[in-house]
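[1] Just a sequence and a predicted model for now, questions to come.
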Protein chains: 2
Amino acid sequence: MPYRETPATRAARERKREALLDAARTIVAERGFAGASVQALASRAGVSTGGVYSYFPTKADLLVAVFRQAVDVELDAVRAAAAPQGDDPPDGSTVARLSRAVDTFARRALRGPTLAWALLLEPVDPAVDVARLEYRRAYAATFADVVRDGVAAGELPEQDVDVVASALVGAIGEALTGPLSPLAAGGEDGDGAPVDPDARDAVVATILRVCLGAVGARVPAREPT
Amino acid sequence: MPYRETPATRAARERKREALLDAARTIVAERGFAGASVQALASRAGVSTGGVYSYFPTKADLLVAVFRQAVDVELDAVRAAAAPQGDDPPDGSTVARLSRAVDTFARRALRGPTLAWALLLEPVDPAVDVARLEYRRAYAATFADVVRDGVAAGELPEQDVDVVASALVGAIGEALTGPLSPLAAGGEDGDGAPVDPDARDAVVATILRVCLGAVGARVPAREPT
């Protein structure tokens, strides 16, 4: 007779799995994927090293699960920011939506630079890269909605919306590379210290001007840096 | 007494190493890193599978060597295109240089989509990702030179040149994701077919407008797509 999971053992397994994901998320936010050894994860979650593999068949599966959980939160925030809002100006809703989306993306990344570095760029198992490509398409779809609405409303010039939206996602992610890199954020050994608030505001403003210019929106005057 | 390499054995080793790199480059251009199994490389280069490891300690070392050799060629082409030229218009050299650089980057990528996909985005060993980050910094430095000269010449508004240059590199790479992806280029299984010339021109024109807008250059009027 095959082993049958009782509701109680199923619930216990689910709790352990969640504890492992929580431990992984905390470690990745503190030290990036590089710090997420199976040993560190097991010890943080109070599971044996071998036990980790009874919840996630491979370490890559665990890293991908952590990645997806963390990026879902970020993507939801950017989607909410990019959605039309009741008090958007009738003839400038595109700029308002794009500004909120870029601001949300960049500011959240700069507030948690180690996590953002891990999610966006840290070299890691190719399985995470596959998930990254998928999420970058989801981000591009979000920006494409804004640009498409802007073109339809006559607020932006005609353009190849999908190519432009991909360019926006690439521009934002790569512009954050410098400030996000553990080297930039915390010296040679990278302590993941949050970026200084003034520098953060300046970077966000630059990225926003880049994006507004990229879609052909009227760009606010630039101030000398 | 330790084994001493004679000039003849050294030359023979060097030839075998080059043959392996050539084989790897051909395979990556045809099928991406995914096609570059040690067995395929060995068979193409006429070396035993075990022999591969006497030239490159690990498969990752070989992939990184192929990556570097291939990207060096691309980077040199973009650097040459971005350099000032004698017949650049005196008051529009920034737009001319940026246009040449973007055109060179994008057109070369679209002509060899499988190689470009492999170099830019294909999920692969993290060692290649580390090299990718390094090269993206080199590309950003090239674009930063153009933007910095443009600001100094009064052709572009003041801006945070390094952040903007990174954004350009991200925008170009990501805008090419669609057209470059094996999915886009050749259906579900990806045959790496070159992108149709008209579509290629349109994508290059879109990417160029994005980049000129991003740096605050005067952007040529957009045509409906």
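    It's in.
[2] Check whether residue A:47 sits in a helix, strand or coil.
    The assignment at residue A:47 comes out as coil when based on DSSP: H, G, I helix; E, B strand; the rest coil.
[3] Wait, it touches residue A:20, no?
    Yes - assessed by C-beta atoms under 8 Å, residue A:47 is found in contact with residue A:20 at 6.3 Å. Quick note: C-beta positions are derived from backbone N, CA and C, even for glycine.
[4] between the two, who's got more neighbours?
    Neighbours per residue (other C-beta atoms under 10 Å in any protein chain shown) separate residue A:47 from residue A:20, with residue A:20 holding more: 23 against 20.
[5] re the thing from before, now the common contact residues for residue A:47 and residue A:20.
    Residues touching both residue A:47 and residue A:20 (C-beta atoms under 8 Å, 6 or more residues apart in numbering or on different chains): A:41, A:55.
[6] in the longest helix seen in chain A, what counts as buried?
    Scanning chain A for the helix with the most residues, using DSSP state H, yields helix A:126-152. Going by neighbour count (16 or more other C-beta atoms under 10 Å in any protein chain shown), the buried part of helix A:126-152 is A:126-129, A:131-132, A:135-137, A:139-140, A:142-151.
[7] What of stretch A:113-130?
    Using 16+ other C-beta under 10 Å as the test for burial, stretch A:113-130 gives A:113-129.
[8] near chain B, which of the residues you listed show up?
    Among those, the residues within reach of chain B (C-beta under 8 Å from any C-beta of the partner chain) are A:121, A:123-127, A:129.
[9] Let me know the closest of those residues to residue B:173.
    Nearest to residue B:173 out of those is residue A:121 (C-beta to C-beta; 12.2 Å).
[10] How about the contacts made by the residue nearest to the closest one when sequence neighbours are not counted?
    Nearest in space to residue A:121, with sequence neighbours left out and distances taken as C-beta to C-beta, 6 or more residues apart in numbering or on different chains, is residue A:177 at 6.2 Å. With contacts defined as C-beta under 8 Å, 6+ apart, residue A:177 is in contact with A:120-121, B:133, B:136, B:166, B:170.
[11] Please apply the same query to residue A:79.
    residue A:142.
[12] tell me which element it falls in.
    Per DSSP states H and E, residue A:79 falls inside helix A:59-82.
[13] for residue A:207, same thing?
    Element membership for residue A:207, per DSSP H and E: helix A:197-214.
[14] ok, and what's touching that helix?
    Residues from elsewhere that reach helix A:197-214, judged by C-beta under 8 Å, 6+ apart: A:95, A:98-99, A:102-103, A:106-107, A:110-111, A:164, A:167-168, A:171-172, A:175-176, A:179, A:195, A:218-220, A:222, A:225, B:159-160, B:163-164, B:167, B:171, B:210-211, B:213-216, B:219.
[15] And the helix or strand following the longest helix of chain A, what does it pack against?
    Sequence-wise, the next helix or strand downstream of helix A:126-152 (DSSP H and E) is helix A:161-175. Under the contact definition 3 or more C-beta pairs under 8 Å, 6 or more residues apart in numbering or on different chains; DSSP states H and E, helix A:161-175 sits against helix A:93-111, helix A:126-152, helix A:197-214, helix B:161-175, helix B:177-180, helix B:197-214.
[16] I'd like those helices laid out as CSV, including distance to residue A:8 and mean pLDDT.
    Shown next, in CSV, are the helices and strands packed on helix A:161-175 (distance: least, C-beta to C-beta, whole Å; pLDDT from 0 to 100):
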stretch, distance to residue A:8, mean pLDDT
helix A:93-111, 38, 94
helix A:126-152, 32, 94
helix A:197-214, 48, 92
helix B:161-175, 48, 94
helix B:177-180, 47, 72
helix B:197-214, 56, 92
